[in-house]
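[1] here's my sequence, what's the structure:
(6 chains)
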Number of protein chains: 4
Amino acid sequence: MKDKIFEKSIDLFGENGFSETSIQHIVDALGVTKGTFYYYFTSKEQILMEIHLRFINDILAKQDAIIQDPNRNYQEKIYEIICMLMKNIEVQGKSAKIFFREMQNLSDGHLSQIFEKRDEFRIKFQELIELGMEKGEFRKDLDSHIAALGILGMVNWSYHWFDPDGPLSDTTVAKIYIDLVLNGIKAE
Amino acid sequence: MKDKIFEKSIDLFGENGFSETSIQHIVDALGVTKGTFYYYFTSKEQILMEIHLRFINDILAKQDAIIQDPNRNYQEKIYEIICMLMKNIEVQGKSAKIFFREMQNLSDGHLSQIFEKRDEFRIKFQELIELGMEKGEFRKDLDSHIAALGILGMVNWSYHWFDPDGPLSDTTVAKIYIDLVLNGIKAE
Amino acid sequence: MKDKIFEKSIDLFGENGFSETSIQHIVDALGVTKGTFYYYFTSKEQILMEIHLRFINDILAKQDAIIQDPNRNYQEKIYEIICMLMKNIEVQGKSAKIFFREMQNLSDGHLSQIFEKRDEFRIKFQELIELGMEKGEFRKDLDSHIAALGILGMVNWSYHWFDPDGPLSDTTVAKIYIDLVLNGIKAE
Amino acid sequence: MKDKIFEKSIDLFGENGFSETSIQHIVDALGVTKGTFYYYFTSKEQILMEIHLRFINDILAKQDAIIQDPNRNYQEKIYEIICMLMKNIEVQGKSAKIFFREMQNLSDGHLSQIFEKRDEFRIKFQELIELGMEKGEFRKDLDSHIAALGILGMVNWSYHWFDPDGPLSDTTVAKIYIDLVLNGIKAE
DNA sequence: TATGAATGAGAGTTCATTCAT
DNA sequence: GATGAATGAACTCTCATTCAT
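    Numbers count the residues shown, from 1 in each chain, chains lettered A, B, ... in the order given. Model (predicted):
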């Protein structure tokens, strides 16, 4: 039951927004009562926090796996991370929407916890760029900080428009992005 | 008074979110009463719509001006648009936050009006890329659609982190972005 | 202007009800402002009272004229009153609706004023019945009080269903009523 | 509690009118909170509709029972219906007031439901008159439609003035009414 | 004559949460 | 494990009325 409530909450928060989704909506959709919700969760915000935690911990773990892979150079690692993020938007689009859109509804304490992890993700990404610069894979004159923000922004923004049921696969988009990021759009 | 209410609404919607900001908050912050709010506006959503319209109409007009400039090539036009968007985030950051975050709170009728205009902006940007490809300014093998979405995503995302009072100016960021977009990060 | 406001109020109170009609509705329908309303009337209830007064004074005067007519016997006088009431519903249906339906929205002081006049009308009608009984026009065993209430009720109720634009004229209905009242429905 | 709220609503709607009675009034009178009201009812109008339905269904059922009684002729059936209506006004005067006065506050959908049932009642009454005419109990030259409207109007109107605690019983009034209706007031 | 800005009280309704059972 | 009754605070919005101009 706990899992059912959790999944249905993701569904409805993603579809209609956190503030717009009442606990009544959630329990009605499951045919149970509000009491049941409060038996498993202490507040609506707690569920939002769990969604956030699950999402960010998941991509942090995946990022770490990619970073530690000894068989890939930095270009490939960045490609893998972009792929991973796009796949994430594809398979858990609702969670992604909630993660990127409903942050503000977390309590201050929870919010800073999440911020820390988001920063961690971004900094690790930035470090890959810096290591690639040292190794000569990337241009030496980059601003790694803004580059990281720019590339991640490009990818994250996709949750606004990317449609898992549309004609483009996550990998297709990821490949176009990495080409864009590596080579730019200027004709040589 | 109408303007005061409008500006304060932008302030509070931007700071705390649309759903989280009550009309009571707005009028309390101005030392007037709820009646005053409803004397000037017919609903809370009407204000949200006006914020959206003002924002999108403004950047559409600015985009048009840039597009029609006969003294600039396509690289420069795209740079100008990126600059313009960043400047927009700088000077009306609250409106930008609201524009990118609170869309969902518009009524269906209003929402589709805004969608149309957002699409218009994106398509015009994409056309610049395509014209630049024809002219030989940009690589011929680009996917102009995804490229447009990617570049605009990168820029738009900045509203999440860009701090007008921080050490980086909007132009600085825009220059880094355009370098990234034109040349990519790969070492030659 | 005062008259315009008065007439439009009758219109809207009759159509939508007193409580459901706001002063805003009234002035909007006339293209003026609320200030104008309060320039001519001191309150919404005052208008309601004036509607009531005009209506009841009008039918009281008409009743008096009928009662004093020396050329008619009591049967005829009662017939004339029924006719007059039906005609009233026909030509000022909105006022009638308001008169019969919105009484409760008068202040206590005003209400008792109206009650007095309504009682006056009923009592005068009852007196006609009693005089007719003495004269031998009507049965001697009537309960004049209930008879008056019953007959007036029958006629007044018509405002619920009588449609001035329908197939039946006010006189037609009045004739059927008086036949009913005089002769009953039982076969001889 | 649900019943308590229902009964108190009848009380207050009847006393002060539907629009004039706020939910706050209702719950204050019961010492509960507005939340409680909305736990049991979805809107103020829903309660109004339930009052209407209960009232009209009740008198429709009672009318049917009278119509189907094989031991009574049409005169008697009509008398029984008048008695029943008067008794109804006596024992549930508040509901009657609401039923006859607050119809307009129903939503369109609900209103037409009630109209149908009111029409059904009236038509069945009219049919009794017509059957009585065929049987020779009533005059053959009646306009059954207007007669039905007139008689029911006379009875219904009683809710305006009939006082259950007054000197006249419901049966007394009903008897006077039926005498009036059957025999008329004219001296033979 | 008429306006327009502003008020303040109150309307119906929603909702996260509590808690005895 | 789950319910159902109840709360209380907050919500958006309405409206009759006032008053300086």
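
[2] so how far is A:Leu85 from the spatially most central residue of chain A?
    Among the residues of chain A, the one closest to the centroid is A:Ala96, at 5.3 Å (CA atoms, centre = their mean). For A:Ala96, the distance to A:Leu85 (CB to CB, to the nearest Å) stands at 9 Å. In this view, the C-beta of every residue, glycine as well, is placed from N, C-alpha and C.

[3] ok, A:Ser112 to A:Ala148 distance?
    Look at A:Ser112 and A:Ala148: by CB to CB, they are 21 Å apart.

[4] between those two, which is the more surrounded one?
    Neighbours per residue, other CB atoms under 10 Å in any protein chain shown: of A:Ser112 and A:Ala148, the larger number sits with A:Ala148, 22 against 10.

[5] just the element for the closest residue to the more buried one other than its chain neighbours, please.
    Nearest residue to A:Ala148, sequence neighbours excluded (CB to CB, 6 or more residues apart in numbering or on different chains): A:Gln126, at 3.8 Å. Using DSSP states H and E, A:Gln126 falls within helix A:108-135.

[6] list the buried ones in that helix?
    A:110, A:113-114, A:117-118, A:121, A:124-126, A:128-133 (16 or more other CB atoms under 10 Å in any protein chain shown).

[7] give me the residues contacting stretch A:181-188.
    Residues from elsewhere that reach stretch A:181-188 (CB atoms under 8 Å, 6 or more residues apart in numbering or on different chains): A:75, A:78, A:82, A:151, A:154, B:75, B:129, B:132, B:136-140, B:142, B:147, B:180-186.

[8] give me the buried entries from these.
    By the neighbour-count criterion of 16+ other CB under 10 Å, the contacts of stretch A:181-188 include these buried positions: A:75, A:78, A:82, A:151, A:154, B:75, B:129, B:132, B:137-139, B:142, B:147, B:180-185.

[9] up against DNA strand F, what does chain A have?
    Contacts of chain A with DNA strand F, taken as CB under 7 Å from any atom of the strand, map to A:1, A:32-36, A:38-39.

[10] among those residues, which are in helices?
    Judged by DSSP state H, these include A:34-36, A:38-39 as members of helices.

[11] of those, which is the most crowded?
    Neighbour counts for these, by other CB under 10 Å, peak at A:Thr36, which reaches 18 neighbours.

[12] could you say which helix or strand contains the residue lying closest to that one once chain neighbours are set aside?
    Nearest non-adjacent residue to A:Thr36, counting by CB to CB, 6+ apart: A:Val27, 6.3 Å away. If you go by DSSP H and E, A:Val27 is part of helix A:23-30.

[13] circling back to that earlier point, in the residues of chain A next to DNA strand F, find the pair that's most separated.
    Using CB to CB, the two most remote members of those are A:Met1 and A:Lys34, lying 13.4 Å apart.

[14] now the common contact residues for those two.
    Counting by CB under 8 Å, 6+ apart, no residue touches both A:Met1 and A:Lys34.

[15] please, where are all the helices along chain A?
    Applying DSSP H to chain A gives helices spanning A:2-16, A:23-30, A:34-40, A:44-68, A:74-91, A:93-101, A:108-135, A:144-157, A:170-183.

[16] can you redo those as CSV with distance to C:Glu45 and mean pLDDT?
    Compiled in CSV, the helices of chain A are given as follows (distance: least, CB to CB, whole Å; pLDDT from 0 to 100):
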stretch, distance to C:Glu45, mean pLDDT
helix A:2-16, 44, 91
helix A:23-30, 41, 92
helix A:34-40, 44, 92
helix A:44-68, 46, 95
helix A:74-91, 62, 92
helix A:93-101, 51, 90
helix A:108-135, 52, 94
helix A:144-157, 59, 94
helix A:170-183, 67, 91
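
[17] distance to C:Ser158 added to those helices, as a markdown table?
    Compiled in a markdown table, these are given as follows (distance: least, CB to CB, whole Å):
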| stretch | distance to C:Ser158 |
| --- | --- |
| helix A:2-16 | 52 |
| helix A:23-30 | 48 |
| helix A:34-40 | 52 |
| helix A:44-68 | 57 |
| helix A:74-91 | 69 |
| helix A:93-101 | 61 |
| helix A:108-135 | 68 |
| helix A:144-157 | 69 |
| helix A:170-183 | 73 |
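
[18] out of these, flag the one nearest D:Gln92.
    Closest to D:Gln92 of these, according to CB to CB: helix A:23-30, at 34.7 Å.

[19] any part of that closest one near DNA strand E?
    Yes. Using CB under 7 Å from any atom of the strand, helix A:23-30 reaches DNA strand E at A:23-24.

[20] who's in contact with that helix?
    A:4-5, A:8-9, A:11-12, A:16, A:33-34, A:36-37, A:44.

[21] may I have it as PDB, with CA atoms only?
    What follows is helix A:23-30, C-alpha atoms only, in PDB (Å, rounded to 0.1, in the frame of the first residue of the first chain):
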ATOM      1  CA  ILE A  23      -4.300  14.100  -0.600                       C
ATOM      2  CA  GLN A  24      -7.900  13.400  -1.200                       C
ATOM      3  CA  HIS A  25      -7.100  13.100  -4.900                       C
ATOM      4  CA  ILE A  26      -4.400  10.500  -4.200                       C
ATOM      5  CA  VAL A  27      -6.400   8.400  -1.900                       C
ATOM      6  CA  ASP A  28      -9.500   8.600  -4.000                       C
ATOM      7  CA  ALA A  29      -7.500   7.300  -7.000                       C
ATOM      8  CA  LEU A  30      -6.600   4.300  -4.900                       C
END
